[in-house]
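Asker: Fold the following.
(chains A and B)
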There are 2 protein chains.
Amino acid sequence: MNAQARLFDRIRRISILGEATGMLHWDAAAVMPDGGAPARAEQLATLRELSHAMLTATETADLLADAEAAETDPSALARIGLARRRWHRATAVPGDLVAALSRAGSRCETAWRQARADDDFATVLPFLAEVVARTRDEAAALGQALNLAPYDALLDGYEPGLTAADCTGVFDRLEAFLPDLLGQAIEVQATRPEPIPLEGPFPIADQAGLARRLMVALGFDFHHGRLDVSAHPFCGGIPDDVRITTRYDEADFLKALMGVLHETGHALYERGLPAALRHQPAGEARGMAVHESQSLIVEMQACRSREFTGWMAPLAQAAFGGAGPAWSPDNIRRLVTRVARGLIRVDANEIAYPLHVILRFRLERAILSGELALADLPAAWNDGMAASVGVRPDSDREGCLQDIHWYDGAFGYFPTYTFGALMAAQLFAAASAAVPALQDRLASGDFAPLQGWLATNVHAHGATLSWDEILRRATGRPLDVDLFRRHLERRYLGD
Amino acid sequence: MNAQARLFDRIRRISILGEATGMLHWDAAAVMPDGGAPARAEQLATLRELSHAMLTATETADLLADAEAAETDPSALARIGLARRRWHRATAVPGDLVAALSRAGSRCETAWRQARADDDFATVLPFLAEVVARTRDEAAALGQALNLAPYDALLDGYEPGLTAADCTGVFDRLEAFLPDLLGQAIEVQATRPEPIPLEGPFPIADQAGLARRLMVALGFDFHHGRLDVSAHPFCGGIPDDVRITTRYDEADFLKALMGVLHETGHALYERGLPAALRHQPAGEARGMAVHESQSLIVEMQACRSREFTGWMAPLAQAAFGGAGPAWSPDNIRRLVTRVARGLIRVDANEIAYPLHVILRFRLERAILSGELALADLPAAWNDGMAASVGVRPDSDREGCLQDIHWYDGAFGYFPTYTFGALMAAQLFAAASAAVPALQDRLASGDFAPLQGWLATNVHAHGATLSWDEILRRATGRPLDVDLFRRHLERRYLGD
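Answerer: The predicted structure is shown next:
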């Protein structure tokens, strides 16, 4: 084997350790009994340490250098370059810091689950303080190695190339119109008849059955994946065995259902990654912004559309044996495009969602810079919500304890949700223009045109293009906030 | 850190890789979609390779030597000795032989599945010949390194310290009375009324509910474990998160239930292993014979007793809404202690089971020594069954093709089942003598006295004592076949 083959064999083994880690993470969230948590934290930390050690070993550096020196083909060099980038990020952070971060995150996540249940921010505060301290160390080390500002170095870990300047530019433009648009949408909605609530209870088994039915229609293959339950829904596993989770509410089936459709968008991206590049950085999903564009193009663009809800309404009605006007396609469409000022990000409508993200972006930058003391986080959160979304939480459970991210050590992640939403609007507009029948076909539950276009224009690229290049090639232009604005105006201010 | 601390840190990481492997193995058996199998095989192989490489690395040998040289305390030296023993076993077999064994086993197992389905021993014969040849090489290499006879080196891999001489001594004594006892038990049974069959179907959810109820009574802690479904029931996971599986039959709830109670015995052993020695060889379960003693003391000694079935019968009746004399405690006891001459080991009653094992022990020794040509195995099997159990298979499917073990390369494993059964009888007699209320308490579903005694006298030792020492300390004497005989006579020839 030459250096490049040996390099990619090594990278492959590191990738497989990552697969094992991902599966154990799914297990912890979906099926593990609570008493297994401390041992699981040690398992995850050990696997990450080993993987880190393999990536940062002298042999890897030597193989990288030898492979780079021997290769002339640009696309092969680009694939090696992605491995080099990963090596850069890994060598920047010392092994004991990697282990400390992992352990702090696992412990804090466990404490957070209890703290959220008890609405008791104080009990998780020391664990969060440890996570923040270690994250600052990490951001400083990464920033130095990558010649990036510390926060940009964190962002880069979720969506390579995305910067705080990108965020500030886009978020300022969004903040210039979203609060007004939210108010207008609520006003327009008030002039129309209230949607009729769907009366439950909706048995969980029936919800799961309907969810599976729609997943299959979207193209999810249950020979290569599962749907389970966890406190915080996510898409995990590996491309050949994608594990998505949801949480059911017997009083409201639409919440879980839209969540499942969202995670299915993630799952289809993973499943569609280029198999020929499996176990190489180039064969992985690009970043979290691109990932979110794939979940949101399914959930927000396709599945809250008039076409899709028209197809889905009778299936839902049959699944729950519903009767009456509440089950009309139009009523269900109005239910899934209902706009309100709410406290919870994951329940937010697509107009308010970016405002939730922008608040978190501002707060996490202030936390990391030390400008905001953690003890002051609850108040700052509540003030921020009142100012942008127009509602103030009564409890931290509905405030700064609502999301797992920070407690699990994920700083720099939130902005990717909104970049994903903007990309989704832009990609859906481009796909609809390229495949004229695309939206009509959704009206008969046929996702093949949309998924076919996404498979070619997004999924098949893996990580060989940047988020920005994927968007430019697929849509012919850079990120355009106006396409998102137009989508919202059409859906919420139109007829 | 001194050499010993560094040694055990290394051993700890190897052990945690083993935990991850165990969890992924559970996942593959219990929840993985079929399309995930190829990727999972790569994950398991990669984790095993890494773990093997860490154990056999020069650093491990150096740390072992340094730790041994620096230590004088006998119990610390014994703990190091167990790590040394593991290193010996790992380094004794050359890497290419390990690979050849694994390949031969995989191929033969695949061929066996087809051969069993087709009842065609001839097609698997060449594959089995390859497994046997490589197993002979392995046994020779291990025997040389450990200063053991080849077959003893294989036995030692399943229950350290167990020898062919132990087996021959015990098995000769068993063969002297078991065939007669089996005949007598069948005669006695014929003088009594036939047990009334329980009429199903028994819904799986109700079976699972009952199984969980009994598991809790036995002391299983669902904060530290799960019960799931798999094709082949097993006990997996780790001491703090024990995963047991079963398979349900809607027509017969007793089969799955007794299986769950068996696996719960394994689970309680794992759960009771000494936490202070976690991630060291000394803190692990002793061997497969001791493990089987813990499943059989629960299943055979406790849960097929008159006391337990008296308590369990009304719970089962309530779980399935049963009515009539079939649900009487006495009828259920007769159902779970029914004796017959059968061809299949896994369905055998506790009198016949050792006869199945003894036949396999004799045959596998003759195969490995070359005394028995593989082509003559089917006839030798059938003659052996006719002579000891008193039934002759009509097909190899119900004969020498029934068990996976040999085809998968597991020679030297079978004897541990019977050593486990004998130890279970002896430990139960000792526990009953030490805690006079123990059997009465089972009649009210109270397992605390039995489990308390086992926790102290078996579980807490981990692997710090040999199987023989555990038995001597707990019962005051070496393995005594008469205690097993007395148990069988009381249950099957008594009133």
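
Asker: which residues of the stretch 201-350 of chain A fall in helices?
Answerer: A:204-218, A:253-271, A:288-296, A:306-320, A:329-336 (DSSP state H, counting those that start in this stretch).

Asker: and among these, the most buried is which?
Answerer: Using mean count of other C-beta atoms under 10 Å in any protein chain shown, the stretch among the helices of the stretch 201-350 of chain A with the largest mean neighbour count is helix A:288-296, at a mean of 27. Backbone N, C-alpha and C define where each C-beta goes, glycine included.

Asker: Run the angle between that helix and helix A:253-271 for me.
Answerer: Helix A:288-296 and helix A:253-271 are oriented at 130 degrees to each other (axes from the mean of the first three to the mean of the last three C-alpha atoms, to 10 degrees).

Asker: among the helices of the stretch 201-350 of chain A, which is nearest B:Arg113?
Answerer: Of all those, helix A:253-271 sits nearest to B:Arg113, with 29.1 Å by C-beta to C-beta.

Asker: Tell me if that closest one is near chain B.
Answerer: No - between helix A:253-271 and chain B, judged by C-beta under 8 Å from any C-beta of the partner chain, nothing touches; the nearest distance is 9.9 Å.

Asker: which helices and strands does that helix pack with?
Answerer: For helix A:253-271, the packing partners by 3 or more C-beta pairs under 8 Å, 6 or more residues apart in numbering or on different chains; DSSP states H and E come out as helix A:204-218, strand A:225-229, strand A:235-238, strand A:241-246, helix A:288-296, helix A:306-320, helix A:329-336, helix A:448-457.

Asker: Out of the ones you listed, which gets nearest to A:Asp119?
Answerer: strand A:225-229 (22.6 Å).

Asker: which stretch among the helices and strands packed on helix A:253-271 comes nearest B:Thr58?
Answerer: Proximity of these to B:Thr58 was assessed by C-beta to C-beta; the nearest stretch is strand A:235-238, lying at 33.6 Å.

Asker: what lines up beside that closest one in the sheet?
Answerer: Sheet pairing of strand A:235-238 (DSSP bridges) gives strand A:241-246 (antiparallel).

Asker: Need the residues that contact the partner strand.
Answerer: Strand A:241-246 has contacts (C-beta atoms under 8 Å, 6 or more residues apart in numbering or on different chains) with A:23, A:26, A:29-30, A:211, A:220, A:224-230, A:233-237, A:256, A:259-260, A:263-264, A:266-267, A:270-271, B:32-33, B:35-36, B:39-40.

Asker: mind running it again at 7 Å?
Answerer: With C-beta atoms under 7 Å, 6 or more residues apart in numbering or on different chains as the test, strand A:241-246 has contacts from A:26, A:29-30, A:224-230, A:233-237, A:256, A:259-260, A:263-264, A:267, A:270-271, B:32-33, B:35-36, B:39.

Asker: Would you convert the helices of the stretch 201-350 of chain A into a markdown table that also reports mean pLDDT?
Answerer: Listed next are the helices of the stretch 201-350 of chain A as a markdown table, based on pLDDT from 0 to 100:
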| stretch | mean pLDDT |
| --- | --- |
| helix A:204-218 | 98 |
| helix A:253-271 | 97 |
| helix A:288-296 | 98 |
| helix A:306-320 | 97 |
| helix A:329-336 | 96 |
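
Asker: mind checking which of the ones you listed is nearest A:Leu17?
Answerer: helix A:253-271 (17.8 Å).

Asker: Spell out which residues sit in contact with the residue nearest to A:Ser388 when sequence neighbours are not counted, please.
Answerer: Spatial nearest neighbour of A:Ser388, chain neighbours left out: A:Leu355 (4.4 Å); criterion: C-beta to C-beta, 6 or more residues apart in numbering or on different chains. For A:Leu355, the contacting residues are A:Leu178, A:Pro179, A:Ser388, A:Val389, by C-beta under 7 Å, 6+ apart.

Asker: Report how many residues lie close to the first one.
Answerer: When you say that, I think you mean A:Leu178. For A:Leu178, the neighbour count with other C-beta atoms under 10 Å in any protein chain shown is 22.

Asker: List the buried residues for the helix or strand harbouring it?
Answerer: Under the criterion of DSSP states H and E, A:Leu178 resides in helix A:164-190. Using 16 or more other C-beta atoms under 10 Å in any protein chain shown as the burial criterion, the residues of helix A:164-190 that qualify are A:164, A:166-167, A:170-171, A:174, A:177-179, A:181-182, A:184-186, A:189.

Asker: quick one: contacts for A:Ala421?
Answerer: Counted by C-beta under 7 Å, 6+ apart, A:Ala421 has contacts A:Leu296, A:Met300, A:Glu350, A:Tyr353, A:Pro354, A:Phe484.

Asker: now do A:Ser444
Answerer: Contacts of A:Ser444 by C-beta under 7 Å, 6+ apart are A:Trp311.

Asker: Tell me how far it lies from chain B.
Answerer: 27 Å (C-beta to the nearest C-beta, to the nearest Å).

Asker: So for stretch A:8-24, mean pLDDT?
Answerer: Stretch A:8-24 comes out with an average pLDDT of 97.

Asker: so how many other residues sit close to whatever residue of the stretch 351-495 of chain A ends up closest to chain B?
Answerer: Residue nearest to chain B within the stretch 351-495 of chain A: A:Gly462 (16.7 Å; C-beta to the nearest C-beta). As a burial measure, A:Gly462 scores 23 neighbours (other C-beta under 10 Å).

Asker: still on that earlier bit, ok, of the contacts of strand A:241-246, which come out buried?
Answerer: Counted by 16+ other C-beta under 10 Å, these give A:26, A:29-30, A:224-228, A:230, A:233-237, A:256, A:259-260, A:263-264, A:267, A:270-271, B:32-33, B:35-36, B:39 as buried.

Asker: what's the nearest residue to A:Arg48 if we skip its chain neighbours?
Answerer: In space, A:Arg48 is closest to A:Ser102, 5.1 Å off (C-beta to C-beta, 6+ apart).

Asker: who's in contact with that neighbour?
Answerer: With C-beta under 7 Å, 6+ apart, A:Ser102 has these contacts: A:Leu44, A:Ala45, A:Arg48.
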